[in-house]
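> Got a predicted model here, sequence first, then my questions.
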Amino acid sequence: MNTVVAETPISGVPEDRVWAAVRNVPALADHVLEVTTTPEGDERWSALLNGSQVDWVQRWSPVADGRQDFEQVTGDLAELRGTWTVADTLSLRIEFHLGIDGLAPLLDPIWTQSFQAHADALVRAVAATSREGATP
């Protein structure tokens, strides 16, 4: 499994404001093409990663102890899951497996870089939106 982590300080920002931005992050990130809700309540994502359109359906777990997990139910990757953590630091950890084992040595570094850019963009968007109107 490949792992990327993006973090930024958000001290003083109300947690409920951050969680609202996390759930609205697709609308805040330019590389996210579309996110829709499925009849089951999952989210269908379409994003540009590494210059390619990547699609997946993810299921959220309930928020507990300042963290919320998500996991791909179906999609273009063999595995995709992650965790948002909200405390004094906002953190997004994404783990993925392309499922093309024979080409992994060639493709994994490229896709890791792309997922890092994806995570960085999402964290920046959530932090910026959360800070709007927050008390310092």
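All right, it came through fine. If you're wondering where the values come from, they're calculated on a predicted model, not measured in any experiment. Numbering: from 1, shown residues only.
> any idea where the strands of this protein begin and end?
Ranges of strands within the chain are 2-9, 32-37, 43-49, 52-60, 67-75, 79-86, 89-97, based on DSSP state E.
> and the worst-scoring helix or strand of the chain on mean pLDDT, how far out from the chain's middle?
Sorting the helices and strands of the chain by mean pLDDT, DSSP states H and E puts helix 15-28 at the bottom, at a mean of 84. Chain-centre distance of helix 15-28: 11 Å, with Cα atoms, centre = their mean, to the nearest Å.
> and the angle from that helix to strand 79-86?
140 degrees (axes from the mean of the first three to the mean of the last three Cα atoms, to 10 degrees).
> Please save the CA atoms from helix 15-28 in PDB.
Extracted in PDB, the C-alpha atoms of helix 15-28 (Å, rounded to 0.1, in the frame of the first residue of the first chain):
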ATOM      1  CA  GLU A  15     -14.200  21.600  14.800                       C
ATOM      2  CA  ASP A  16     -17.700  21.700  13.400                       C
ATOM      3  CA  ARG A  17     -16.600  24.300  10.900                       C
ATOM      4  CA  VAL A  18     -13.700  22.100   9.800                       C
ATOM      5  CA  TRP A  19     -16.000  19.000   9.400                       C
ATOM      6  CA  ALA A  20     -18.400  21.000   7.300                       C
ATOM      7  CA  ALA A  21     -15.600  22.000   5.000                       C
ATOM      8  CA  VAL A  22     -14.300  18.400   4.800                       C
ATOM      9  CA  ARG A  23     -17.700  17.200   3.600                       C
ATOM     10  CA  ASN A  24     -17.800  20.100   1.100                       C
ATOM     11  CA  VAL A  25     -14.200  19.800  -0.100                       C
ATOM     12  CA  PRO A  26     -15.000  18.500  -3.500                       C
ATOM     13  CA  ALA A  27     -16.600  21.800  -4.400                       C
ATOM     14  CA  LEU A  28     -13.500  23.600  -3.100                       C
END
